[in-house]
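*Asks:* Provided below for reference: sequence and predicted model.
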Amino acid sequence: MFFVDFEGNAADPRTASALDELRAAALFVKILGSYPAKALRAPARPGDVPGQPPAERPLSRPESAAQDPAEMLEAVAAAPRPAARRSRQYKLVDRAARPADTVIPVGDVLVGGDGFVVMAGGAHVLRGGVFKPRTSPYAFQGLGWDGLDLLVRAGRESGLPVVTEVMAVDQVPRMAAAADILQVGARNMQNFDLLRELGKVDRPVLLKRGLSSTIEEWLAAAEYVVAQGNQQVILCERGIRTFESATRNTLDLSAVVVVRERSHLPVIVDPSHGTGLRAYVAPMAWAARAAGAQGLLIEVHPEPEKALSDADQSLSFDEFAALMRRLAAVPSGTAAGTTEGP
Ligand code: PEP
Ligand code: MN
């Protein structure tokens, strides 16, 4: 349905042809009026004689479309549904390009497919930010390269692959040499230079969803990496900005279902940044698994109240262990479109 308020006269040939196109595409078009009511100059038609006034004829075509709202609604209900119009901003990450799930090996762990991977202060993958994208320049910015050395050492000692955030193009080579998964933070999801650079290395990329990004923009960002040759992209839903203020972000679990339908890439969920509050992390982690997420990313700290970043959402070891125990009892979600429960 189209409501147009437009400067122009229905008798003007260009306007008339625009209206014709609109009629062809719209279910319902009603011309409310044309101002000025008369064409300033009637359009030329075959048979008009140059230099002489055109023959008398109506300036606009008769209106045939339904006019009453009930008729209008009926017309809409009866019209065939247009095929869902999918943007073509990505091709390689599209499920249509590769129907089977992408499975990404990280050390001994497989990310994607029917597997379920937990990245935290332990579990399957060890996570820790060494370069921290903080809202305030006065907040703790991370330990930098020294932190990376510590993280890599901890990974080696615990036998776990490590994931950490890479913030800038010039950090990529050194990060790729040391870390097992390179995280792109929400704030950098559309840093296209960084994405292209990560497309050139042979390391899995954990691409967080931007704070205000649509799912389509997120998949298009993944395409930047894949289009450069690196097919190892793991998507991470971490909550988006909405009007809701009871939680730090709004964790969009529906994105999991949508992404799994539209793309073959693995998708995991970060309920820590997604909710911002410790008490909400476990329920959302369980829900993520039931929704079909292929893993979790969770903030854990030995003494959460002393954490230099995101203390309110960090779990203690005990809380994390309790979350994991219950997680095992949550059945893993199935694909979109199914009517069978997990
Ligand atoms: C993080 O994982 O610690 C982080 C900074 O996350 P995000 O980019 O989602 O805010
Ligand atoms: Mn954090």
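*Replies:* Everything's here; your move. On a predicted model such as this, the values are computed, not experimentally measured, just so you know. Ligands and ions are numbered 1, 2, ... in the order given.
*Asks:* which strand runs longest in the protein?
*Replies:* Counting residues, the longest strand in the chain under DSSP state E turns out to be strand 117-123.
*Asks:* got the contact list for the helix or strand just after that strand?
*Replies:* Where DSSP states H and E defines the elements, the next helix or strand beyond strand 117-123 is strand 125-127. For strand 125-127, the external contacting residues (C-beta atoms under 8 Å, 6 or more residues apart in numbering) are 106-107, 109, 117-121, 151, 154-155, 158, 160-164, 180-181, 183, 297. In short, each C-beta sits where N, CA and C put it, glycine included.
*Asks:* next SSE after strand 125-127?
*Replies:* Heading C-terminal from strand 125-127 (DSSP H and E), you reach helix 144-158.
*Asks:* chain center to that next one: distance?
*Replies:* A distance of 31 Å separates the centroid of the chain from that of helix 144-158, by C-alpha atoms, centre = their mean, to the nearest Å.
*Asks:* now do stretch 18-37
*Replies:* So, by C-alpha atoms, centre = their mean, the centroid of stretch 18-37 is 36 Å from its chain's centroid.
*Asks:* may I have that stretch as PDB, with CA atoms only?
*Replies:* Extracted C-alpha coordinates of stretch 18-37, given in PDB (Å, rounded to 0.1, in the frame of the first residue of the first chain):
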ATOM      1  CA  ALA A  18       5.500   7.200 -12.600                       C
ATOM      2  CA  LEU A  19       1.900   6.700 -11.500                       C
ATOM      3  CA  ASP A  20       1.500   3.900 -14.100                       C
ATOM      4  CA  GLU A  21       4.600   2.200 -12.600                       C
ATOM      5  CA  LEU A  22       3.200   2.600  -9.100                       C
ATOM      6  CA  ARG A  23      -0.100   1.100 -10.200                       C
ATOM      7  CA  ALA A  24       1.700  -1.900 -11.600                       C
ATOM      8  CA  ALA A  25       3.600  -2.500  -8.400                       C
ATOM      9  CA  ALA A  26       1.100  -1.500  -5.700                       C
ATOM     10  CA  LEU A  27      -2.000  -3.300  -4.500                       C
ATOM     11  CA  PHE A  28      -3.900  -0.100  -4.000                       C
ATOM     12  CA  VAL A  29      -3.400   3.400  -5.400                       C
ATOM     13  CA  LYS A  30      -5.800   6.200  -4.900                       C
ATOM     14  CA  ILE A  31      -5.100   9.700  -6.200                       C
ATOM     15  CA  LEU A  32      -6.500  12.100  -3.600                       C
ATOM     16  CA  GLY A  33      -6.100  15.100  -5.900                       C
ATOM     17  CA  SER A  34      -3.800  16.900  -8.200                       C
ATOM     18  CA  TYR A  35      -2.700  20.400  -7.500                       C
ATOM     19  CA  PRO A  36      -2.900  22.500  -9.600                       C
ATOM     20  CA  ALA A  37      -6.000  20.700 -10.700                       C
END
